[in-house]
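Peer 1: Here is a sequence with its predicted model. Questions after.
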Amino acid sequence: MVIVVLALLAGVHRYLWRRLVGDTTAEGSAMRRAGTVAAYVLPLLSVGALVSGRAGAPFWLQRVLAWPGYLWLAAVLYLTLALLVGEAVRPVLRRVLERRADRAGRPDDADTASVDGANDTDPASDANNASIANHSNLSVDAPDALDAADAPGAGTSAAPATLVAEAPAPPRPDAPSRRLFVARAVGGAAAVAGLGTVGLGTYGVLRGPRVKRITVPLAKLPRSAHGFRIAVVSDIHLGPILGRAHTRRIVDTINRTQPDLVAVVGDLVDGTVADLGPAAEPLARLKARHGNFFVTGNHEYYSGAAQWVDQVKELGLHPLENDRVEIDGFDLAGVNDIAGESEGQGPDFARALGDRDRTRAAVLLAHQPVVIHDAVAHGVDLQLSGHTHGGQLWPGNFIADLANPTGAGLDRYGDTQLYVSRGAGAWGPPVRVGAPSDITVVELASLRA
C-alpha cells in the first residue's frame with residue numbers, strides 16, 4: 001500500500017512538473033532549474049511533516065517541517081485539480097488561436113499574395129522572374145558555366161549568369177509558439193486558482209472558527225431546561241502549526257456566547273503534553289455556568305491520552321471517561337473514542353448509560369459519529385460529535401459522507417438526533433475548503449414549553 005501511495009505521489013509530481021515547469025520554461029533556464037529543485041524538495045518536506053511527529057523528532061523540527069510540508073500537500077491537490085480542468089481548456093484555446101491566425105492571414109501568405117499581384121500588373125516583371133528562374137535552375141556545375149561565359153570568344157551580348165539565393169521565409173506563428181502560449185496561459189491560471197484556493201483556506205483556519213447556532217427539540221426535556229445552551233467544540237488539533245494563539249481565539253469565541261455548558265468532543269491535540277501543554281493553557285479561561293466537559297478523540301490516543309486527561313483536569317475541564325453527570329433537566333454522558341480499544345480504554349455504553357433513568361433526556365458526547373447506533377440502542381436523545389471535519393478539503397466532504405453516518409450537521413436516527421460539528425481546527429494542512437471551521441451553540445428546546 002505504501003508503495004502504491006508513493007508511486008501515485010511521484011506520478012502526480014511528475015505531471016505537475018511537466019505542466020508548470022517543463023512546458024512553460026526554456027531548457028537550461030534559471031526558472032526551470034528552480035522549478036525542478038522545488039519538485040524534489042517540496043514532496044520531501046511533506047513526507048517529513050507527516051512522519052516527524054510519529055518518529056519522535058524534536059518539536060522545533062516538527063514545526064519547521066509542518067508549514068511548508070503540509071501546505072504543499074494542499075497545494076498539490078488544488079494545483080492538480082486546476083490543471084485537470086485546464087486539460088479541457090487547452091485544445092479549445094489552441095483552436096481559437098489557430099482560427100485567429102487564419103483570419104488575420106499568415107505573414108508568408110501575405111508576402112506570396114503581394115508577389116503574385118505584382119506579376120499580374122507588371123508584364124516586365126514576368127520576364128525578370130523568368131530570367132531569375134532560369135538562373136536559379138543552375139545545377140551544381142554553375143561555376144563551370146560562369147567560366148565558359150568569361151572564356152575568350154564568348155559573345156559579349158550574353159548576359160552574365162547570376163546566382164540568386166532564396167531569402168529565408170519570414171517567421172510565422174507556428175504550432176510550437178502557440179503551444180508555449182497555451183501552456184503558459186493554462187499553467188498560470190491553474191497556479192493562481194490552486195494557490196489562491198490554498199491561501200483563502202489557510203486564512204479561514206488562522207482567522208479562527210465562526211459561531212453556528214442550532215435549536216434541537218427534545219421530547220423528554222423539562223420546561224425548566226428549555227433554552228439550555230451547549231457550546232460544542234471539536235477537533236481543535238493543537239500541534240506544530242496551531243498553537244496557543246489558536247486556543248485563545250477559540251476560548252474567546254466560546255466565552256462571548258455565554259454558554260451554560262462547554263463540550264470539548266475530542267481531538268484536542270496532535271502531540272504530547274510536554275510539547276503542547278503551554279498551547280492548551282488558555283482552556284483554563286473557559287466560562288460556563290454548568291461547567292466544561294471533555295471526551296477523548298482518536299488523536300488523543302496517538303498523543304498519550306492518559307496524560308492529556310490529567311492535563312485537562314488541571315485546566316478545569318471535567319473528563320467524561322465512559323461516565324455521566326446529572327445536569328438540571330437532563331443527563332450528560334461521555335464515552336471514550338473507539339481508538340482507545342487498542343489500549344483497553346474503548347467506549348463503554350453500558351457503563352456510561354446502562355443504569356440511568358430513561359424518563360430523563362440524555363445528551364451524549366462521543367467523538368466519532370459512527371457510534372450513533374449504540375447511542376440509539378441506549379436511548380440517547382442527542383449525540384454530539386466531531387471527527388469528520390466536514391471533509392476539510394473539498395472534495396473530501398464526499399469521502400466524509402461515505403465514511404460516516406453523517407458528515408456534518410444535524411440528522412436523526414430513530415428517536416436519537418445526531419449533531420456533527422466540522423471542528424474548530426484542522427489536521428495536516430492548516431487549510432479548509434468548502435468546510436469552514438465552527439463552534440456550535442446547541443440550544444435545547446423542550447416540547448413541553
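Peer 2: That came in fine, so what should we check first? As the structure is a prediction and not an experimental result, all values here were calculated from the model.

Peer 1: Verify the stated contact: Pro430 with Leu73.
Peer 2: No - counting by C-beta atoms under 8 Å, Pro430 does not reach Leu73; the two are 10.7 Å apart. Glycine gets a C-beta too; all of them are placed from N, C-alpha and C.

Peer 1: Neighbour count: these two, which is higher?
Peer 2: Using other C-beta atoms under 10 Å as the criterion, Pro430 and Leu73 rank with Pro430 on top: 25 against 22.

Peer 1: Please report how far Leu45 lies from Ala75.
Peer 2: To Ala75, Leu45 is 11 Å away according to C-beta to C-beta, to the nearest Å.

Peer 1: just Gly425 next, same as before
Peer 2: From Gly425 to Ala75 the distance is 20 Å (C-beta to C-beta).

Peer 1: Same check on Pro58?
Peer 2: Taking C-beta to C-beta, one finds Pro58 at 26 Å from Ala75.

Peer 1: now swap in Arg54 and tell me
Peer 2: Distance from Arg54 to Ala75, by C-beta to C-beta: 23 Å.

Peer 1: If you count surrounding residues, which of those two has more?
Peer 2: Ala75 (22 against 8).

Peer 1: Next up, the contacts around the more buried one.
Peer 2: Neighbouring residues of Ala75 by C-beta atoms under 8 Å, 6 or more residues apart in numbering: 194-195, 198.

Peer 1: Now for the most centrally placed residue in the chain: which residues touch it?
Peer 2: The centre of the chain sits closest to Ala74, judged by C-alpha atoms, centre = their mean, with a distance of 3.6 Å. Contact analysis of Ala74 by C-beta under 8 Å, 6+ apart lists 198, 201-202, 393, 429, 431.

Peer 1: so which strand or helix has it?
Peer 2: helix 59-104 (DSSP states H and E).

Peer 1: about what we covered before: what two of the contacts of Ala74 are the furthest from one another?
Peer 2: Maximum pairwise distance among the contacts of Ala74 (C-beta to C-beta): 11.4 Å, between Thr202 and Leu393.

Peer 1: list the residues that contact both of the two?
Peer 2: Common neighbours of Thr202 and Leu393 (C-beta under 8 Å, 6+ apart) are 74, 431.

Peer 1: Who has more neighbours out of those two?
Peer 2: Taking neighbours as other C-beta under 10 Å, Thr202 and Leu393 compare with Leu393 leading, 24 against 21.

Peer 1: ok, the residue nearest to that one when sequence neighbours are not counted - contacts?
Peer 2: Counting by C-beta to C-beta, 6 or more residues apart in numbering, Leu393 lies nearest to Val433, which is 5.2 Å off, once chain neighbours are set aside. Neighbouring residues of Val433 by C-beta under 8 Å, 6+ apart: 78, 197, 200-201, 392-394.

Peer 1: ok, 6 Å please
Peer 2: 197, 201, 393-394 (C-beta atoms under 6 Å, 6 or more residues apart in numbering).

Peer 1: roughly how far is stretch 428-444 from the heart of the chain?
Peer 2: 15 Å (C-alpha atoms, centre = their mean, to the nearest Å).

Peer 1: got the end-to-end distance for that stretch?
Peer 2: End-to-end distance of stretch 428-444 (C-alpha to C-alpha, to the nearest Å): 34 Å.

Peer 1: cool, and stretch 201-212?
Peer 2: Stretch 201-212: ends 19 Å apart by C-alpha to C-alpha.

Peer 1: can you give me the strands for the stretch 251-400 of the chain?
Peer 2: In the stretch 251-400 of the chain, the strands defined using DSSP state E, counting those that start in this stretch lie at 261-265, 292-295, 318-319, 323-327, 330-334, 361-365, 382-385.
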